[in-house]
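1. sequence first, then the predicted structure:
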Amino acid sequence: MNADLVALQQRLQHPFADTSLLKRAVTHRSFSSDHNERLEFLGDSVLGVVVADMLYQRLQKLPEGDLSRVRANLVKQDTLHQLALSLGLPDVMLLGEGEMRSGGQKRPSILADALEALIGAVYLDAGFSAAQALVQRLYQAVQINPEMDAIGKDPKTELQEWLQGRRMKLPSYRVVATLGAAHKQSFDVECEIPELNRAERGIGGSRRAAEQAAATAMLEILKATVNP
C-alpha cells in the first residue's frame, strides 16, 4: 500500500483489515471497473442512520420535521465535501486521466461520494460500531444546533420538506440507466412518489447529480399541479 493510503488510515483512525476496501473507496469509475459506487450506496445509508441517531440523542426536544431539516444540512453535498477536504481526499483519489485533467480530484460531488464510500468501506471492514465511530469523529468539528437553516437547500432536501409538510412518505430514487463511455458516464435516475402516482427523471454526471436533477423535475411538476 502506498504512503498516501497509509496516512489516510491514520487520519480516519481506522486501520483496515482488508485494505482492498480502502483502495476501492477512493477509486472513481473513470479509473477502474473496481470502483467506489457500490460502497457509496452503502455508506450513504450508514451515514443517514448514524446522523439521525446523533440528532435524536442531542436534540431531544426537536420535532421530526426540524430533525429532518438539520439532518439534511449535515448530509448534503457541501457538508460532505468539506469533511472530505479535511481528510485530504483530493490527494488520494484514483481517477482516470480525463477526470484528472478536468479537475475531478477537486469536484465536490466526487469527493462527497468518496467520503460516503469510505464510511461504507469501514462498515464492511469492521462493522457498524466502527463506522458509527468514524462518522462521530468526522462531525466533531461540525456545529450542530436546532437553528441550523437550510439556506440554499438542494432540490432533494426541498422535495423532502415539501412532502413532509403534507405528511407524505419520502421519495425513492433508482438508477434507470448509465449512459456513455466508462470514463465519462452519465446517470439516468428516476424519482418516484407512489402516493401521488408520479415519477420524474433526471440525468447527471454522477448518481448524486442525477438524483438532484430528478428532484428538481419532480418539484416543478408538483408546484405546478398540486394544491398548496
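-> Perfect, I can see it now. Numbering: from 1, shown residues only.
2. could you pull out the strands for the chain?
-> Listed in chain order, the strands of the chain (DSSP state E) span 172-179, 186-193, 198-204.
3. which one of the ones you listed lies closest to Leu59?
-> strand 172-179 (26.6 Å; C-beta to C-beta). Glycine gets a C-beta too; all of them are placed from N, C-alpha and C.
4. state the mean pLDDT of that closest one.
-> Averaging pLDDT along strand 172-179 gives 91.
5. who does that strand pair up with?
-> Using DSSP bridges, strand 172-179 pairs in its sheet with strand 186-193 (antiparallel).
6. list the buried ones in the strand it pairs with?
-> Phe187, Asp188, Val189, Glu190, Cys191, Glu192, Ile193 (16 or more other C-beta atoms under 10 Å).
7. try stretch 19-26
-> Judged by neighbour count (16+ other C-beta under 10 Å), stretch 19-26 contains these buried residues: Leu21, Leu22, Lys23, Arg24, Ala25, Val26.
8. which residues sit against it?
-> Defining contact as C-beta atoms under 8 Å, 6 or more residues apart in numbering, one finds that stretch 19-26 is touched by 1, 5, 8-9, 16, 34-36, 39, 89, 92-94, 114, 117-118, 120-121, 124-125.
9. list the ones among the residues you listed that fall in helices.
-> Leu5, Leu8, Gln9, Leu39, Ala114, Ala117, Leu118, Gly120, Ala121, Leu124, Asp125 (DSSP state H).
10. pretty sure the third one is touching Pro15, no?
-> Yes. Gln9 lies in contact with Pro15 (C-beta atoms under 8 Å); the separation is 5.5 Å.
11. can you select the buried ones from the contacts of stretch 19-26 in ChimeraX?
-> Command for ChimeraX that selects the buried part of the contacts of stretch 19-26, burial taken from 16+ other C-beta under 10 Å:
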select :5,8,16,35,36,39,89,92,93,94,114,117,118,120,121,124,125
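12. against Gln136, how distant is Tyr56?
-> With distances taken as C-beta to C-beta, to the nearest Å, Tyr56 is found 13 Å from Gln136.
13. same check on Ser109?
-> Ser109 is 24 Å from Gln136, by C-beta to C-beta.
14. for Ala17, same thing?
-> In terms of C-beta to C-beta, Ala17 sits 21 Å off from Gln136.
15. more neighbours, these two?
-> Neighbour totals were compared for Ala17 and Gln136, and Gln136 leads with 13 against 8 (other C-beta atoms under 10 Å).
16. contacts only, for that one.
-> Val50, Met54.
17. try it again with 10 Å
-> Val50, Val51, Asp53, Met54 (C-beta atoms under 10 Å, 6 or more residues apart in numbering).
18. thought the last one was touching Arg137?
-> No. Under the criterion of C-beta atoms under 10 Å, Met54 lies out of contact with Arg137, with a separation of 11.7 Å.
19. neighbour count for those two, which is higher?
-> Met54 (18 against 13).
20. ok, Leu59 touching Leu74?
-> No. Checked against C-beta under 10 Å, the pair Leu59 and Leu74 is beyond contact range at 11.4 Å.
21. now do the helices in this structure.
-> Secondary structure of the chain (DSSP H): helices located at 3-12, 19-25, 37-58, 64-75, 77-86, 97-101, 108-126, 128-138, 155-164, 207-225.
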